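Chemist: just need the structure, nothing else, for what follows:
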Amino acid sequence: MRWSFLLGGTTINLSWYQMLNKLIQLMIILFLLIAGYVLWLFSDDIQAKADAFRTEKAVETALAQHQPKKALALLEEAVVKHPKEAVFHLQLATQYHQQKQPEKAIDEYRLGLRLNPSARVYRHNFARLLVAQHRSNDAIREYRSVLEWAPTDTGTLHDLGQLYFDFYQQAYNRGKVEESQWCLRWALYYFSKAIKLNDADVSAWWGYGHALQLLHKEGKAKQAFCKVLAKQPNFTPARYNLGLILWQQHHEPLGFELLISAVRLKEAAILAGTSNEDIAALQRQLATLRNEYTIRTGVVLPYEAGHKAFEGQTESKPEKAEKQGKQAEASAEKSPFATDATLAQACK
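Modeler: Reported below is the predicted structural model:
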């Protein structure tokens, strides 16, 4: 089949194939013209994106080669050249944070998170920085912002629980009883949400149980501490607080066995050099409980400190290490740790 049409007074005959070919050529030319116009229109933006990509790779290389000062310089230049690129502000904030420049880090975190509100990891780090800078109310706002984007983020829930626990301690120390109770209930709320999402979170179970204990809900607190010890039998704070609950419930010998086992674990860690915790207050409390029980019942519960927290040391390091080794062995012989059977009896 052929088509005929008049062009400049001349009749031109084309087959259907030639017609289709001409049409395709025309469409290609039109596409190239449009593409060229778009490239011209956005050439500056494309160049900026390419430059930003090269900078990002250069920063990654500097960090991989352990050159934080070079990375910092690149990022400080990048936020000036690319002020609307959230990633540079957030990476710069991280570098300032790591290099102990908190105020600069806070400013850059705010800029970066304004440009990219859903940057969950950076917002979480920002909240932790605010906590370290004692800007707790700002930290709570940031943590709650994380939960708006990720309501099942157990790390954030746990941190909020701990933050409210810290608020409780501050309020309690100031004598603000009502405020301290309010803070405990918030801590309990966030720890409970973390537990529902991750039943294996030992730290959240501990915080949950401790909050319950301080709210005088010893029965539920006991269950929480038993959950902790079922997963980590040597979790000493749970051992100690479970022992206190049993003591208060008039199961003194069983409670004392847990109390002493928790202190023995701490003493062993100190003697092994893996802890420098001050346990003098716990040792004094054990001695006081033992004496009170003896006066009340005539029964002497066995306890002797296996490590003197404030003992003066003048020995050389080898002599001190040898002495500590002997102390650790003697401590274990004097009072073995509570057995699995003890824990089972305490948690039944």
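
Chemist: okay, CA-based contacts and neighbour counts for the rest of this
Modeler: Noted.

Chemist: list the buried residues of the host helix or strand of Leu157.
Modeler: For Leu157, the host element (DSSP states H and E) is helix 154-173. Under the neighbour-count criterion of 16 or more other CA atoms under 10 Å, helix 154-173 has 154, 156-168, 171-172 buried.

Chemist: center of the chain - which residue?
Modeler: Gly155 (5.2 Å; CA atoms, centre = their mean).

Chemist: for that residue, give me its contacts.
Modeler: Ala194 (CA atoms under 8 Å, 6 or more residues apart in numbering).

Chemist: can you do 10 Å?
Modeler: His124, Tyr143, Gly161, Ala194, Asp201, Ala204 (CA atoms under 10 Å, 6 or more residues apart in numbering).

Chemist: likewise Val300?
Modeler: Arg290, Asn291, Glu292, Tyr293, Thr294.

Chemist: could you flag which of these are buried?
Modeler: Buried among the contacts of Val300 (16+ other CA under 10 Å): Arg290, Asn291, Tyr293.

Chemist: now the last one: closest residue in space, sequence neighbours ignored.
Modeler: Distances taken as CA to CA, 6 or more residues apart in numbering put Val299 closest to Tyr293, at 7.0 Å, once the chain neighbours are dropped.

Chemist: what kind of secondary structure is the one you found in?
Modeler: Assigned by DSSP: H, G, I helix; E, B strand; the rest coil, the conformation of Val299 is coil.

Chemist: now the strands for this protein?
Modeler: 2-7, 10-15 (DSSP state E).

Chemist: returning to that earlier point: pLDDT and distance to Glu103 added to the buried ones among the contacts of Val300, as TSV?
Modeler: Shown next, in TSV, are the buried ones among the contacts of Val300 (pLDDT from 0 to 100; distance: CA to CA, whole Å):
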residue	pLDDT	distance to Glu103
Arg290	87	51
Asn291	90	52
Tyr293	88	54
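
Chemist: return the member of those nearest to Asn116.
Modeler: Arg290 (58.8 Å; CA to CA).

Chemist: ok, that closest one - contacts?
Modeler: Contacts of Arg290 by CA under 10 Å, 6+ apart are Glu252, Pro253, Phe256, Arg284, Arg296, Val299, Val300, Leu301, Pro302, Tyr303.

Chemist: most surrounded residue in these?
Modeler: Counting neighbours by other CA atoms under 10 Å, the top entry in the contacts of Arg290 is Phe256, with 24 neighbours.

Chemist: skip the chain neighbours and tell me the closest residue to that one.
Modeler: Closest to Phe256 by CA to CA, 6+ apart is Gly243, at 6.2 Å.

Chemist: ok, now which ones touch the one you found?
Modeler: Contacts of Gly243 (CA under 10 Å, 6+ apart): 222, 225, 237, 249, 251-262, 346.

Chemist: and if you look at Gly175?
Modeler: Gln169.

Chemist: gap between it and Gln181?
Modeler: 11 Å (CA to CA, to the nearest Å).

Chemist: so what does Phe235 look like in phi/psi?
Modeler: Note on Phe235: its backbone torsions stand at phi -70, psi 100 [degrees, to the nearest 10].

Chemist: number of residues surrounding it?
Modeler: The burial count for Phe235: 18, using other CA under 10 Å.

Chemist: residues contacting it?
Modeler: Val202, Ser203, Trp206, Phe225, Val228, Leu229, Ala262, Leu265.

Chemist: ok, now which ones touch the closest residue to Ala93 other than its chain neighbours?
Modeler: Nearest residue to Ala93, sequence neighbours excluded (CA to CA, 6+ apart): Ala105, at 4.2 Å. Listed by CA under 10 Å, 6+ apart, the contact set of Ala105 reads 89-99, 126, 129.

Chemist: is Asp159 in contact with Trp186, as I believe?
Modeler: No: contact criterion CA atoms under 10 Å: Asp159 and Trp186 do not qualify, at 11.8 Å.

Chemist: might one say that Val177 is in contact with Ala171?
Modeler: Yes: look at Val177 against Ala171 with CA under 10 Å: they come within range, at 7.1 Å.

Chemist: which neighbours do those two share?
Modeler: With CA under 10 Å, 6+ apart, Val177 and Ala171 have common neighbours Cys183.

Chemist: Arg174: neighbour count?
Modeler: 11.

Chemist: in contact with it, which residues?
Modeler: Arg174 touches Tyr168, Ser180, counting by CA under 10 Å, 6+ apart.

Chemist: got phi/psi on it?
Modeler: Backbone torsions of Arg174, given as degrees, to the nearest 10, read phi -90, psi 0.
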